[in-house]
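>>> mind folding the following:
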Amino acid sequence: MVSFQRLVYHYSGLPMGIPEKWMRQYNKGTAPTVRVTQKDVDELIALFDAKYTQLLEDLDKGIFKNYEVYTTSTKMELKSVEDSIMFCLVHEGLHVGSVLALAKLV
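Numbering: from 1, shown residues only. The predicted structure is shown next:
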């Protein structure tokens with residue numbers, strides 16, 4: 001969610017709507033350092049739902065007027081909010097794949 005907010009909103013020149021504690025915990029380059037509680041999971045799920053709804057509303061409103069070109073660590077150049085949304089879907093899919101693979105080991 002942090003990457004999504006940064007790539008979609010920050011590089012569009014818009015405020016990122018995510019609490020600072022999640023930014024610190026899940027920003028690029030971080031690694032797990034604390035145990036996640038059920039309360040954290042519930043909060044994150046609610047935040048995911050709210051941010052998805054917000055994105056749909058923001059797309060309908062047409063608030064994404066500008067985009068600062070950004071090159072990802074995998075050398076993919078994002079030139080628009082549409083590029084960033086597509087990249088985020090792939091990015092999140094990689095996380096899901098990792099979780100599913102780890103779950104098979106448990």
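>>> dump the helix or strand of the chain with the lowest mean pLDDT to CSV, restricted to CA.
Every helix and strand in the chain was compared by mean pLDDT, DSSP states H and E; the lowest is helix 20-26, with a mean of 78. Only the C-alpha atoms of helix 20-26 are listed here, as CSV (Å, rounded to 0.1, in the frame of the first residue of the first chain):
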residue,chain,number,x,y,z
GLU,A,20,3.0,7.8,9.0
LYS,A,21,3.3,4.6,11.1
TRP,A,22,2.6,2.4,8.0
MET,A,23,5.0,4.6,5.9
ARG,A,24,7.8,3.9,8.4
GLN,A,25,7.0,0.2,8.7
TYR,A,26,6.5,-0.6,5.0
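>>> so which bits of it are buried?
By neighbour count with 16 or more other CB atoms under 10 Å, helix 20-26 contains the buried residues Trp22. Any C-beta I mention is one placed from the backbone N, CA and C, and that applies to glycine too.
>>> with stretch 55-70 instead?
Leu55, Asp58, Phe64, Tyr67, Tyr70.
>>> Gln25 touches Arg35, doesn't it?
No - distance between Gln25 and Arg35: 11.6 Å, which falls outside the contact criterion (CB atoms under 8 Å).
>>> all strands for the chain, in order.
Applying DSSP state E to the chain gives strands spanning 70-71, 77-78.
>>> helices or strands up against the first one?
Applying 3 or more CB pairs under 8 Å, 6 or more residues apart in numbering; DSSP states H and E, one finds that strand 70-71 contacts strand 77-78.
>>> I'd like to know which elements the strand it packs on is packed against.
Using 3+ CB pairs under 8 Å, 6+ apart: strand 77-78 touches strand 70-71, helix 81-105.
>>> for that strand, what is the average pLDDT?
On average, the pLDDT along strand 77-78 is 97.
>>> tell me the gap between that strand and the middle of its chain.
Centre-to-centre, strand 77-78 and its host chain are 16 Å apart (CA atoms, centre = their mean, to the nearest Å).
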